[in-house]
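1. missing the sequence, but the structure's below:
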């Protein structure tokens, strides 16, 4: 009898040993947070939500989704260790008009202006962090954003303010509206080797995206993908404006910025760059210093710019700023 029991146990052990690890892993779950009626003593279910994001990320496993209720949320000042470090997390709001996330301090510290220390380290060491259906709020000074996340994804959101730091491996923005600070950029391509903008809208007043870095300059190529986006610029039409993708490639050494433009991109209120003959990319009137031959631009996979000059024929309709079957002047 003992031999039969032992043999049965041995079979069970062998069976579980042969199962793939993924078969035993816990399924990703949804954790609920309600800053108005929740309580951190609850279990985080839909009917018994937590009150704070800090409690939710503490209990979350990698791959989990955190559903946020109406209100303002942040993890600024919370250490990533024991909370977000090493985890892939998705945060979902109830819409840009109902749920908001504050990136960094509500008022950046003047003592840290011009440095990275005003940025938000609450996701330091996290894997892929996704934000959906909410407003993301930042300040209007330099070097703000989420420091040291591997990858970031922003979908169906509104972003107010200026940011430098997103995913250190990639940053993807889809169906997102950027409200640029007055006379300033929405963001810099500062730390992300690949940045993708798809079906995004930019409401600007002279500047939109700064294609520039000093953090990773001369270390690798930097890719910017721009597809089916709309730029609404409302600055004085007689004043000089920066092109949508304002480039400074002077410090890239042996590497390049590579811009891929595709789809229908509509631009209004932006000046045509006298060097590139484009509203979508240019050097903001500083071609002598910022155009050093370290920029390649492709439209629908066809190269139109390289080695500091136009390649072939531009295909831009300057009346709308959309890339169609037109010719450059």
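-> Yep, that arrived. What you are looking at is a predicted structure, and each value in this text was computed from that prediction instead of being measured. Numbers count the residues shown, from 1 in each chain.
2. From now on I want contacts and neighbour counts done on CA atoms only, so please keep to that.
-> Will do.
3. Which of the three states applies to residue 32?
-> Three-state assignment for residue 32 (DSSP: H, G, I helix; E, B strand; the rest coil): strand.
4. how about stretch 104-113: buried residues?
-> Buried residues in stretch 104-113, counting neighbours by 16 or more other C-alpha atoms under 10 Å, are found at 104-105, 108.
5. Other residues contacting it?
-> Contacting residues not belonging to stretch 104-113 are listed as 74, 76, 118-120, 138-139, 141-142, 144-146 [C-alpha atoms under 8 Å, 6 or more residues apart in numbering].
6. before we move on, the earlier item: would you reformat the buried residues of stretch 104-113 as JSON lines and include pLDDT, distance to residue 50 and secondary structure?
-> Compiled in JSON lines, the buried residues of stretch 104-113 are given as follows (pLDDT from 0 to 100; distance: C-alpha to C-alpha, whole Å; DSSP: H, G, I helix; E, B strand; the rest coil):
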{"residue": "104", "pLDDT": "90", "distance to residue 50": "22", "secondary structure": "coil"}
{"residue": "105", "pLDDT": "83", "distance to residue 50": "23", "secondary structure": "coil"}
{"residue": "108", "pLDDT": "76", "distance to residue 50": "28", "secondary structure": "coil"}
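7. I'd like to know which of those residues is nearest to residue 186.
-> residue 104 (15.8 Å; C-alpha to C-alpha).
8. How about that closest one: what's its closest non-neighbour residue?
-> Spatial nearest neighbour of residue 104, chain neighbours left out: residue 120 (4.6 Å); criterion: C-alpha to C-alpha, 6 or more residues apart in numbering.
9. quick one, phi psi at the one you found?
-> Main-chain torsions, residue 120, degrees, to the nearest 10: phi -100, psi 110.
10. ok, what's across the strand from it?
-> Taking DSSP bridges as the rule, residue 120 bridges to residue 146.
11. and it, what does it touch?
-> Taking C-alpha under 8 Å, 6+ apart, we find residue 120 in contact with 76-77, 103-105, 144-147.
12. at 7 Å instead, please
-> For residue 120, the contacting residues are 76, 103-104, 145-147, by C-alpha atoms under 7 Å, 6 or more residues apart in numbering.
13. With respect to residue 304, which of those residues is nearest?
-> Nearest to residue 304 among those: residue 145, at 32.2 Å, using C-alpha to C-alpha.
14. Distance check, the closest residue to that closest one other than its chain neighbours against residue 63.
-> In this structure, residue 145 finds its nearest non-sequential neighbour in residue 165, 4.3 Å apart by C-alpha to C-alpha, 6+ apart. Remark: distance between residue 165 and residue 63 (C-alpha to C-alpha, to the nearest Å) = 22 Å.
15. okay, these two: which has more neighbours?
-> Taking neighbours as other C-alpha atoms under 10 Å, residue 165 and residue 63 compare with residue 165 leading, 24 against 18.
16. My guess is that one contacts residue 150. True?
-> No. Using C-alpha atoms under 7 Å, residue 165 is not in contact with residue 150; the gap is 10.8 Å.
17. which residues in this structure form helices?
-> Applying DSSP state H to the chain gives helices spanning 2-18, 21-24, 53-59, 287-290.
18. returning to that earlier point: name the member of the contacts of stretch 104-113 with the most neighbours.
-> Taking other C-alpha under 10 Å as the neighbour criterion, residue 144 ranks highest of these with 28 neighbours.
19. Can you tell me the closest non-neighbouring residue to that residue?
-> In space, residue 144 is closest to residue 119, 4.4 Å off (C-alpha to C-alpha, 6+ apart).
20. Just to check, that neighbour is in contact with residue 142?
-> No. Residue 119 lies out of contact with residue 142 (C-alpha under 7 Å); the separation is 9.2 Å.
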